[in-house]
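Q: Okay, here's the prediction I keep looking at, along with the sequence it came from:
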Amino acid sequence: MKHYILFSFVFLAIFSTFVNAQLGEQAGPLFFNVTLGGSETLNYTILNGGDSPIGFRVVLPVLNSIPHNETPTVSISPMNGTLAPHSQQLIHVTVYMPSSDKPGLVWNGGVTPGTSGIQVIEVSPSQVSSGMGATVYAGVLKALTVESAKPPLNIMLIIGIILVVAVVVVIGIVIYYYKVVLPARIRKAEARRKELAAVAQAAKARKAKARKKAKARPKAKPRKRGARKAARRRRR
């Protein structure tokens with residue numbers, strides 16, 4: 001209970017000083033959705049709505065830890081400076097996500113003063129005492145949430161993999177054709193050629209045998225002229 005009262009008093013002191021100092025910031029928390037092994041940068045604006053310059057410095061956030069996982073790294077630029085009266089300053093916030101983390105992890109920054117968020121503190125001239133031995137600087141606090149995400153699909157990588165697979169398949173088909181299909185066709189054609197040559201050789205051998213047999217057959221004696229008529233007359 002005592003800590004709660006102290007925290008409330010500190011918060012009211014900061015808030016009252018903020019009203020007097022006219023230090024403000026763009027509304028709304030920062031939400032980071034960072035791919036594993038990558039980074040993301042978001043910007044927001046701090047304001048000086050008063051008539052006097054305001055010196056400021058930025059306190060880096062301390063994100064909650066997740067067991068057995070690395071915590072993202074947060075960097076901010078600029079880390080300090082001076083806001084002229086009625087001016088504004090753009091704050092660049094970059095979150096680096098470790099590649100060894102898991103997708104879907106969430107780290108939170110604070111939403112109230114005193115917790116882990118991006119704190120922009122007015123270093124001069126507004127310094128107030130809490131009355132309890134502590135010096136409180138006027139400032140504003142930007143809450144933030146960091147979430148890890150899977151890397152997006154790399155279209156060029158997918159196309160490259162498809163092309164590599166296609167080339168491997170084509171090479172495999174060519175090797176199979178020249179190692180298996182073509183030799184089988186050559187063997188089949190050679191066997192057919194030998195078969196046709198054997199058939200032709202057998203036909204040639206039969207023709208040669210027939211010619212040899214025809215030559216060995218005795219020739220019939222030619223009949224004398226008029227022998228047929230004489231034979232007919234005898235039959236009569």
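A: Okay, I see it.
Q: hmm, which helix or strand of the chain has the shakiest average pLDDT?
A: The weakest-scoring helix or strand in the chain, judged by mean pLDDT, DSSP states H and E, is helix 2-21 (a mean of 39).
Q: after it, next one along is what?
A: Counting by DSSP states H and E, the next helix or strand C-terminal to helix 2-21 is strand 23-25.
Q: got the contact list for that next one?
A: Identification of contacts with strand 23-25 by CB atoms under 8 Å, 6 or more residues apart in numbering yields 18, 44-50, 54, 56, 83, 120, 122, 138-140, 142. Backbone N, C-alpha and C define where each C-beta goes, glycine included.
Q: Quickly list the domain ranges of this protein.
A: Segmentation of the chain into domains, based on automatic domain parsing, reads 2-149, 153-219.
Q: Out of these, indicate the one that is most buried.
A: Compared across the domains of the chain, domain 2-149 shows the largest average neighbour count, a mean of 16 (mean count of other CB atoms under 10 Å).
Q: What residues are bridge-paired with Ile91?
A: On the basis of DSSP bridges, Ile91 is bridged to Tyr44.
Q: Kindly report the same for Val140.
A: Beta-bridge partners for Val140, by DSSP bridges, are Val120.
Q: Report whether the expected contact of Gly117 with Val111 is present.
A: Yes. Contact criterion CB atoms under 8 Å: Gly117 and Val111 qualify, at 6.9 Å.
Q: so what sits against both of the two?
A: Both Gly117 and Val111 are in contact with 141, 143, where contact means CB under 8 Å, 6+ apart.
Q: quick one: terminal-to-terminal distance for stretch 144-157?
A: 33 Å (CA to CA, to the nearest Å).
Q: now that stretch, how far from the chain's geometric center?
A: Relative to its parent chain, stretch 144-157 has a centroid offset of 9 Å by CA atoms, centre = their mean, to the nearest Å.
Q: Mind checking the pLDDT average for it?
A: For stretch 144-157, mean pLDDT is 82.
Q: got a list of contacts for it?
A: For stretch 144-157, the external contacting residues (CB under 8 Å, 6+ apart) are 29-38, 61, 63, 72, 74, 93, 95, 97, 101-109, 117-118.
Q: need the helices for this protein, in chain order.
A: Using DSSP state H, the helices of the chain run over 2-21, 155-176, 182-216, 227-235.
Q: worst average pLDDT in the ones you listed?
A: Comparing mean pLDDT across those, the weakest is helix 2-21, with a mean of 39.
Q: Now for the closest residue to Ser75 other than its chain neighbours: which residues touch it?
A: Closest residue to Ser75 apart from its sequence neighbours, by CB to CB, 6 or more residues apart in numbering: Thr94 at 4.9 Å. Contacts for Thr94 were tallied using CB under 8 Å, 6+ apart; they are 39-41, 74-77.
Q: Apply 6 Å and report the result again.
A: Contact partners of Thr94, counting by CB atoms under 6 Å, 6 or more residues apart in numbering, are 39, 41, 75.
Q: now Pro53
A: For Pro53, the contact set (CB under 6 Å, 6+ apart) comprises 82, 84.
Q: Kindly recompute the last result at 7 Å.
A: 82-85 (CB atoms under 7 Å, 6 or more residues apart in numbering).
Q: per-residue pLDDT, Ala134?
A: Predicted confidence (pLDDT) for Ala134: 56.
Q: so Ser87 sits right up against Asn48, yeah?
A: Yes. Between Ser87 and Asn48 there is a contact under CB atoms under 7 Å: 5.4 Å.
Q: joint contacts of these two?
A: Applying CB under 7 Å, 6+ apart, one finds that no residue jointly contacts Ser87 and Asn48.
Q: From the contacts of Thr94, pick the one nearest Lys215.
A: Within these, the smallest distance to Lys215 is 104.2 Å, found for Ser39 (CB to CB).
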